[in-house]
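Chemist: okay, here's the prediction I keep looking at, along with the sequence it came from:
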Amino acid sequence: MEQSSLKQTPIYDEHLRAKARMVPFTGYSMPVQYTGLVDEHHTVRKAAGLFDVCHMGELVVKGPGATAAVDRLVTNDVQGLIDGQARYTVCCNERGTILDDLIIYRVSADHVLIVCNASNREKIVGHFTQQLKATHEVRDISDETGLIALQGPRAMEVLRSAVGDGRADELPAFHFADIPVFNVPCTLSRTGYTGEDGVEIFCPPAEAARIWRSLLAAGESAGLRPAGLGARNTLRLECKMALYGNDIDETTNPLEAGLSWVVRFDKADFIGRSALLAVKEAGLSRKLVGFEMTDKAIARDHWQVINEADEQVGYVTSGSPSPTLGKNLGLAYVPTASSALGSTLRLRDPERGRVGNAVVVKTPFYKRAR
């Protein structure tokens with residue numbers, strides 16, 4: 001797709017001024033890196049990074065009992081949320097495979113905000129509208145919403161200078177509140193996609209660029225720098241955070257993807273429950289595992305997992321060098337018999353035919369100190 005046909009986020013001009021390398025991503029022109037992927041990755045792990053995530057999709061569901069209505073469309077418990085609390089979940093079809101992974105925000109019993117992946121915006125808005133149109137208002141507010149992620153061990157320190165009080169510090173993980181940022185009405189959520197502390201800032205699109213510039217200026221002494229999609233990917237991979245389109249999609253179910261913790265069979269019925277119960281009772285034929293290369297190969301997305309007869313029995317969903325750990329890591333779907341910790345794997349590049357060796361290891365690969 002040519003750059004001229006791509007959409008631009010409200011922060012696009014700031015990326016150009018910073019001389020970011022721009023690439024097509026989910027229909028948008030997005031920064032993949034500024035100073036370099038590894039440098040930006042380390043900045044987020046050691047100080048703080050700022051991410052433009054205005055491309056993400058947002059929708060609201062409003063009406064009597066909105067939380068109960070949304071609860072039927074996702075696998076995790078929505079009705080158990082309190083006002084100002086958020087929860088990670090997946091949305092499945094009747095087959096029990098994943099339409100998208102979402103974060104659900106309970107504003108009130110009658111008002112729910114949902115954040116979905118940019119690539120699935122139309123699908124999720126359509127799915128929720130189709131399921132709820134007879135009883136609730138479903139509205140796509142993506143174009144009315146700016147979203148900036150401030151992440152890293154010094155993120156909250158930077159934020160203090162932007163909000164002028166300590167209310168943001170008091171937010172527990174996966175909670176949110178309306179708190180002005182540089183005197184602009186915003187909603188701060190103690191969430192992220194890097195494995196580090198920080199917030200995601202929902203803001204008016206017209207103010208997003210000013211907030212971006214002001215945060216970078218306020219956080220310069222703390223080491224805050226902008227970070228692109230490249231670092232966002234390696235950061236989330238080290239923490240085994242699923243990437244839709246790679247690790248999960250409509251061919252995978254949450255049980256085999258290691259997301260059984262977001263499937264609440266003990267709650268009221270939800271779309272996909274019967275299919276997932278059948279999968280659980282039959283047992284998994286494959287699992288998504290973390291692996292570490294035992295030679296110098298770097299297994300990339302779509303590499304094949306092969307058996308001793310050189311037959312494909314699985315595939316790599318995500319693979320990359322780990323800047324934090326200094327190892328070549330990845331995720332792959334493998335037969336259940338090969339999923340135990342310490343199991344050896346043979347991985348083949350389908351284009352060049354070269355084979356690398358790996359071992360199944362515990363995940364997440366990286367977990368920050370609390």
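Modeler: Yes, it's here. Residues are numbered from 1 along each chain as shown.
Chemist: just how off-centre is stretch 329-343 within its chain?
Modeler: 22 Å (Cα atoms, centre = their mean, to the nearest Å).
Chemist: how about it: buried residues?
Modeler: Applying a neighbour-count criterion of 16 or more other Cβ atoms under 10 Å, one finds 329-334, 338-339, 343 buried in stretch 329-343. In this view, the C-beta of every residue, glycine as well, is placed from N, C-alpha and C.
Chemist: most widely separated two among these?
Modeler: 329 and 338 (17.2 Å; Cβ to Cβ).
Chemist: and the buried residues of stretch 329-343, which is closest to residue 142?
Modeler: Residue 142 has its nearest neighbour among those in residue 331, at 28.2 Å by Cβ to Cβ.
Chemist: for that closest one, helix, strand, or coil?
Modeler: Under DSSP: H, G, I helix; E, B strand; the rest coil, residue 331 falls in the strand class.
Chemist: tell me what it is bridged to.
Modeler: With DSSP bridges applied, residue 331 shows beta-bridge pairing to residue 290, residue 318.
Chemist: okay, it: pLDDT?
Modeler: What the model reports for residue 331 is a pLDDT of 98.
Chemist: gap between it and residue 201?
Modeler: The gap separating residue 331 from residue 201 is 29 Å, by Cβ to Cβ, to the nearest Å.
Chemist: so what's the residue count around residue 166?
Modeler: 9 (other Cβ atoms under 10 Å).
Chemist: in a strand, it, correct?
Modeler: No. Under three-state DSSP, residue 166 sits outside any strand and is assigned coil.
Chemist: for it, give me its contacts.
Modeler: Applying Cβ atoms under 8 Å, 6 or more residues apart in numbering, one finds that residue 166 lies in contact with residue 160.
Chemist: quick check: it vs residue 41, distance?
Modeler: For residue 166, the distance to residue 41 (Cβ to Cβ) stands at 29 Å.
Chemist: tell me if I'm right that residue 242 and residue 254 touch.
Modeler: No. Judged on Cβ atoms under 8 Å, residue 242 makes no contact with residue 254 at a distance of 9.2 Å.
Chemist: all helices of the stretch 51-200 of the chain, in order?
Modeler: Under the criterion DSSP state H, counting those that start in this stretch, helices of the stretch 51-200 of the chain are mapped to 66-71, 121-132, 155-163.
Chemist: in JSON lines, list those helices along with mean neighbour count, distance to residue 269 and mean pLDDT.
Modeler: Converted to JSON lines, these look like this (neighbours: other Cβ atoms under 10 Å; distance: least, Cβ to Cβ, whole Å; pLDDT from 0 to 100):
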{"stretch": "helix 66-71", "mean neighbour count": "22", "distance to residue 269": "10", "mean pLDDT": "98"}
{"stretch": "helix 121-132", "mean neighbour count": "18", "distance to residue 269": "13", "mean pLDDT": "98"}
{"stretch": "helix 155-163", "mean neighbour count": "20", "distance to residue 269": "39", "mean pLDDT": "95"}
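Chemist: nearest to residue 47, out of those?
Modeler: Set against residue 47 and scored by Cβ to Cβ, the helices of the stretch 51-200 of the chain come closest in helix 155-163, at 8.7 Å.
Chemist: how far is that closest one from where the chain is centred?
Modeler: When distances are taken as Cα atoms, centre = their mean, helix 155-163 is centred 23 Å away from the chain's centroid.
Chemist: and the most centrally placed residue in the chain, what does it touch?
Modeler: Centroid-nearest residue in the chain: residue 193, 5.1 Å away (criterion: Cα atoms, centre = their mean). By Cβ under 8 Å, 6+ apart, residue 193 lies in contact with 149, 151, 232, 235-236, 241.
Chemist: make it 7 Å
Modeler: By Cβ atoms under 7 Å, 6 or more residues apart in numbering, the residues touching residue 193 are 232, 236, 241.
Chemist: can you tell me how far it is from residue 243?
Modeler: Residue 193 is 9 Å from residue 243, by Cβ to Cβ.
Chemist: next one: residue 281
Modeler: 29 Å.
Chemist: the two: which is more packed in?
Modeler: Per other Cβ under 10 Å, whichever of residue 281 and residue 243 has more neighbours is residue 243, with 19 against 7.
Chemist: read off the pLDDT value for the closest residue to the more buried one other than its chain neighbours.
Modeler: Once flanking residues are discounted, residue 243 sits nearest to residue 318: 6.1 Å by Cβ to Cβ, 6 or more residues apart in numbering. pLDDT, residue 318: 98.
Chemist: what's the neighbour count on residue 318?
Modeler: Using other Cβ under 10 Å, residue 318 has 24 neighbouring residues.
Chemist: so it sits against residue 330, correct?
Modeler: Yes. Using Cβ atoms under 7 Å, residue 318 is in contact with residue 330, at 5.8 Å.
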